[in-house]
Each structure stands twice: as structure tokens, then as C-alpha cells.
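S.K.: Sequence and predicted structure are below.
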Amino acid sequence: MTFPHDARGANWPGDGHLEMEAGDAELACRIEASAPEQLEALKGVVASHLDRFAFREAPLAFDWRDGPAV
């Protein structure tokens, strides 16, 4: 999934990207962002949407882990 750099009035240097992979007991989400602030914003967007979709289990626990910069 791509989050355009200028979505909703934002002005990030580049687009953000989200890749999801479902496992038996977890959902792995990989976010690529063009700036640290964009990464934090996208974590919030992803978390709020997943909480909304899983409203019976919300709030969900998120174990965000920073990986190597690309």
C-alpha cells in the first residue's frame, strides 16, 4: 500500500509504503518512510485502522521494531 507524500496536506520528501504479512498468530507490518516523523505518523495510522477493523479485540498490542534504514 502506498501513502502519497502529499496526502491530506502532508509534505513529506517521498511516499510511504506499507507491506503486511499475516502469520498464524500475528500480522507483520513493514513500513518504509521518507522521514522519521512520517514513520511515526504512519505507525499511528496503521494502528488506528487495525484497531477499528478488530474492534472486538481493540485496543490491540503493537510491538513496533525499527529495522535498518533503506
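M.R.: That came in fine, so what should we check first?

S.K.: tell me the secondary structure for the residue sitting furthest away from the middle of the chain?
M.R.: What lies farthest from the middle of the chain is Arg56; by Cα atoms, centre = their mean that is 20.6 Å. Classification of Arg56 using DSSP: H, G, I helix; E, B strand; the rest coil returns coil.

S.K.: for the one 4 residues further on, same thing?
M.R.: Leu60 carries the three-state label coil when classified by three-state DSSP.

S.K.: how distant is stretch 43-56 from the center of its chain?
M.R.: Mean C-alpha position of stretch 43-56 versus that of the full chain (Cα atoms, centre = their mean, to the nearest Å) differs by 10 Å.

S.K.: what packs against the lowest-mean-pLDDT helix or strand in the chain?
M.R.: Lowest by mean pLDDT, DSSP states H and E among the helices and strands of the chain is strand 2-3, with a mean of 92. When contacts are defined as 3 or more Cβ pairs under 8 Å, 6 or more residues apart in numbering; DSSP states H and E, strand 2-3 sits against strand 16-22. Bear in mind the C-beta positions are built from the backbone N, C-alpha and C, glycine included.

S.K.: give me the number of residues near the nearest residue to Ala33 once chain neighbours are set aside?
M.R.: Sequence neighbours aside, Leu39 is the residue nearest to Ala33 in space, at 3.8 Å (criterion: Cβ to Cβ, 6 or more residues apart in numbering). Using other Cβ atoms under 10 Å, Leu39 has 18 neighbouring residues.

S.K.: thought Leu39 was touching Ile31?
M.R.: Yes: if you go by Cβ atoms under 8 Å, Leu39 and Ile31 touch, sitting 6.1 Å apart.

S.K.: can you list residues touching both of these two?
M.R.: Gly16 (Cβ atoms under 8 Å, 6 or more residues apart in numbering).
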